[in-house]
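Enquirer: Coordinates for the following, if possible.
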Amino acid sequence: MTNEALTLFNKRYKAIRKEKSYYNKFIFNGHFTVFLLILLGAFIFGYGEWLQHIPKHIDYALFSSIVVAFISLFPIRTLLKDADRIFLLPFEKHMQDYMKVSLIYSYSARIFLQIILIIVLFPLFYKLNNHHFGFYIAFAISALIFPYIGLLVKWQWLKLKLSTWTVNLTLFVLFALMYYLTLRFHNYLAIIFILILVGLFFILKMKSKKQLYPWEKMIAIEQQHHTNYYKFVNMFTDVKHLRATAVRRSYLDFLLSKPKGKKFNENRMYLFLFVRSFVRGRDAFSIILRLVIIALVLMIWLSNPFVSIIIGSLFMYITLLQMSQFYTQQAYGLWPQVWPVPDTKVIKGYEQFLYRLMIIVGTIFTIAFVIKHPALFFFAIVFFIVGWLTIRSTVKKLKYQETLLRD
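Expert: Okay, here's the model as predicted:
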């Protein structure tokens, strides 16, 4: 039975790896790869410049400890499906090895992000501590060990059917204290927190020894991970498994004024539909908002004006590019069947929507750039030029695709 459990996990692991390989072709296409490379270059350049003049009177150890502690809370990935609550229930006593392998998978799936964060923080603390780095090695080792022990603790906590937020809060506090004592005071005794976590794990293991698996909770957690992944992929291509949801944002109602009288016609229909889908949509609005916030943080933090222009232009490009899914969702959805209009009207409404989004995002980037570099305000026109070229290229491609469909 143990071998069958491991075979089941390997089968599901191969299936999810195959699915991710399929979607990665759409995510890491030529345009997005170039965007990431340029963004990485701009970050390295700006980070190097910032390290030359590090602002004083800031507790970088505290800030870094909080960030790394938060990242160290790895989620449990079980790869369970909804039907497992019925078909795997009789084989629960043979699922121990399955869960051991799933915890290893949960660790390996997120450890790369932890390693990147450790590498990024090293130059900062290397310079702050006059080129001493012995304490940082202890910090790095702890930051690699803690997440796995945390996963073991979370699994036993889950078996006891205790609330998830309590174990996350407990682990976060322990992680942050250990990281802070090591980074700020170079206290190597802080590694004793590993022993505390190991002791906590064995105590919980003894208490949960006779507990049944919380199948409902485990399946719900895994389904949420899948949903979050599909939401991310949906930025780049259509995902069949994802169901669109709507959210009422009353503070944006002023953007949804309904055309009245003769203005409510086929020429304005799709502009209103695209705007409404964006404002009421749960995913697209949040994704664009996050992209804008990340761009603003980078533009303000990296003080070089030319780096800020590059970052703003790249985020303008990627923001407009993410809206490509809106066209397929609306143009091939229900409305063209209810109120048939020529595809040129749909493309025109989509183009108008993109221009309005470009003006809003471009204005936000311009304000941030002018506040940081008032003498070079005229360079902000680059944001709008990049936006205009992106929209022009997108619309041209859509028109060509519609021509092929007609043929």
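
Enquirer: Please make it C-alpha for all contacts and neighbour counts, starting now.
Expert: OK.

Enquirer: Where does Leu80 sit: helix, strand or coil?
Expert: coil (DSSP: H, G, I helix; E, B strand; the rest coil).

Enquirer: List the contacts of the nearest residue to Val275 once chain neighbours are set aside.
Expert: The shortest distance from Val275 to any non-neighbouring residue, by Cα to Cα, 6 or more residues apart in numbering, is to Phe353 (6.5 Å). Contacts here follow Cα atoms under 8 Å, 6 or more residues apart in numbering; on that basis Phe353 touches Leu271, Phe274, Val275.

Enquirer: what's the neighbour count on the second one?
Expert: Yep, that's Phe274 we're talking about. Per other Cα atoms under 10 Å, the neighbour tally for Phe274 reads 23.

Enquirer: try Gln224
Expert: Residues near Gln224, counting by other Cα under 10 Å: 11.

Enquirer: any idea how far it lies from Tyr230?
Expert: Distance, Gln224 to Tyr230, using Cα to Cα, to the nearest Å: 10 Å.

Enquirer: what residues are shared contacts of the two?
Expert: By Cα under 8 Å, 6+ apart, no residue touches both Gln224 and Tyr230.

Enquirer: picking that back up, among the contacts of Phe353, which ones are in helices?
Expert: When DSSP state H defines the helices, the subset of these inside them is Leu271, Phe274, Val275.

Enquirer: so can I have a markdown table of those residues showing pLDDT?
Expert: As requested, those are exported to a markdown table (pLDDT from 0 to 100):
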| residue | pLDDT |
| --- | --- |
| Leu271 | 78 |
| Phe274 | 79 |
| Val275 | 80 |
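
Enquirer: closest to Thr366 among those?
Expert: Nearest to Thr366 among the ones in helices among the contacts of Phe353, counting by Cα to Cα, is Val275 at 22.6 Å.

Enquirer: so how far is Phe383 from the closest one?
Expert: In terms of Cα to Cα, Val275 sits 22 Å off from Phe383.

Enquirer: and if you look at Ile288?
Expert: Ile288 is 16 Å from Phe383, by Cα to Cα.

Enquirer: Next: Trp50.
Expert: Where Phe383 is concerned, Trp50 sits at a distance of 24 Å (Cα to Cα).

Enquirer: Compare those two and say which is more crowded by neighbours.
Expert: Each of Trp50 and Phe383 has its neighbours counted (other Cα under 10 Å); Phe383 has more, 25 against 16.

Enquirer: contacting residues around the more buried one?
Expert: Counting by Cα under 8 Å, 6+ apart, Phe383 has contacts Ile309, Gly312, Ser313, Met316, Gly362, Phe365, Thr366.

Enquirer: Which of the three states applies to it?
Expert: Looking at Phe383 with three-state DSSP, the answer is helix.

Enquirer: next one: Leu73
Expert: Classified using three-state DSSP, Leu73 is coil.

Enquirer: and it, how many neighbours?
Expert: Neighbours of Leu73 under the rule other Cα under 10 Å: 21.

Enquirer: Is it in contact with Tyr148, as I believe?
Expert: No - Leu73 lies out of contact with Tyr148 (Cα atoms under 8 Å); the separation is 9.2 Å.

Enquirer: Which of the helices or strands spans Asn10?
Expert: helix 2-27 (DSSP states H and E).

Enquirer: Tell me, how many residues neighbour Lys18?
Expert: 12.

Enquirer: Local confidence estimate at it?
Expert: You'll see Lys18 listed with a pLDDT of 91.

Enquirer: And the lowest mean pLDDT element among the helices and strands of this structure?
Expert: helix 335-338 (a mean of 63; mean pLDDT, DSSP states H and E).

Enquirer: Quick check: next helix or strand after that one?
Expert: With secondary structure assigned by DSSP H and E, helix 335-338 is succeeded by helix 343-372.

Enquirer: I'd like the mean pLDDT over that following helix, please.
Expert: On average, helix 343-372 scores 88.

Enquirer: any idea how far Asn24 is from the one residue sitting closest to the centre of the chain?
Expert: With distances taken as Cα atoms, centre = their mean, the residue of the chain nearest its centroid is Phe232 (6.8 Å). Distance, Phe232 to Asn24, using Cα to Cα: 11 Å.

Enquirer: Leaving out sequence neighbours, find the closest residue to His186.
Expert: Phe135 (5.5 Å).

Enquirer: which ones are touching the one you found?
Expert: Thr182, Leu183, His186, Asn187, Tyr188.

Enquirer: looking at this, it is in a helix?
Expert: Yes - counting by three-state DSSP, Phe135 falls inside a helix.

Enquirer: Next up, identify which helix or strand Ile54 is on.
Expert: Counting by DSSP H and E, Ile54 is part of no helix or strand.

Enquirer: I'd like the distance between it and Ser65.
Expert: Taking Cα to Cα, one finds Ile54 at 18 Å from Ser65.

Enquirer: same question, Pro374
Expert: 35 Å.

Enquirer: Looking at these two, which one has more neighbours?
Expert: In this view Pro374 and Ser65 are compared by other Cα under 10 Å, and Ser65 has more residues nearby, 24 against 11.
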